[in-house]
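Colleague: Show me how the following folds:
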Amino acid sequence: EVQLVESGGGLVQPGGSLRLSCATSGFTFSSYAMSWVRQAPGKGLEWVSAINSGGGSTSYADSVKGRFTISRDNDKNTLFLQMNSLKSEDTAVYYCAKSPRTVVDGNDYWGQGTQVTVSS
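Modeller: Modelled structure (predicted):
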């Protein structure tokens, strides 16, 4: 059974940092691209970042470029999102998602999400 479990969310002040983790199981993590997607209150899903299976290729939404860094540890089957210089508009539920391929090509499995709240 494929499982994606996010952690690391919480309440942080503007300008602060958080590191999200996504622990995975039930599939060969190193064979698939992964993404982070978020949903702000009252809004639709927004793609945030993606990384290919080997970790050598990453991409970011313009809204987070230069502030967020996606990475993965294929030995520990874990995906990360380092978030710096957080803004109130980053407040959202953050989901990790698995691609069905080595590169991003939609998402076939999702985690349950972790809440990030940026507020003073």
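Colleague: How about the residue nearest in space to the middle of the chain: what's its closest non-neighbour residue?
Modeller: What sits nearest the mean C-alpha location of the chain, by Cα atoms, centre = their mean, is W36, with 2.9 Å. Closest residue in space to W36, ignoring its immediate chain neighbours: V48 at 4.3 Å, by Cβ to Cβ, 6 or more residues apart in numbering. C-beta: built from backbone N, CA, C; applies to glycine.
Colleague: returning to that earlier point: the helix or strand hosting the residue nearest to the centre of the chain - contacts with which helices or strands?
Modeller: Secondary structure assignment for W36, by DSSP states H and E: strand 34-39. Helices and strands in packing contact with strand 34-39 are listed as strand 18-25, strand 45-51, strand 78-83, strand 92-98; criterion 3 or more Cβ pairs under 8 Å, 6 or more residues apart in numbering; DSSP states H and E.
Colleague: One more pass at 7 Å, please.
Modeller: strand 45-51, strand 92-98 (3 or more Cβ pairs under 7 Å, 6 or more residues apart in numbering; DSSP states H and E).
Colleague: Out of those strands, which is the most enclosed?
Modeller: Among the helices and strands packed on strand 34-39, ranked by average contacts under mean count of other Cβ atoms under 10 Å, first place goes to strand 92-98 (a mean of 23).
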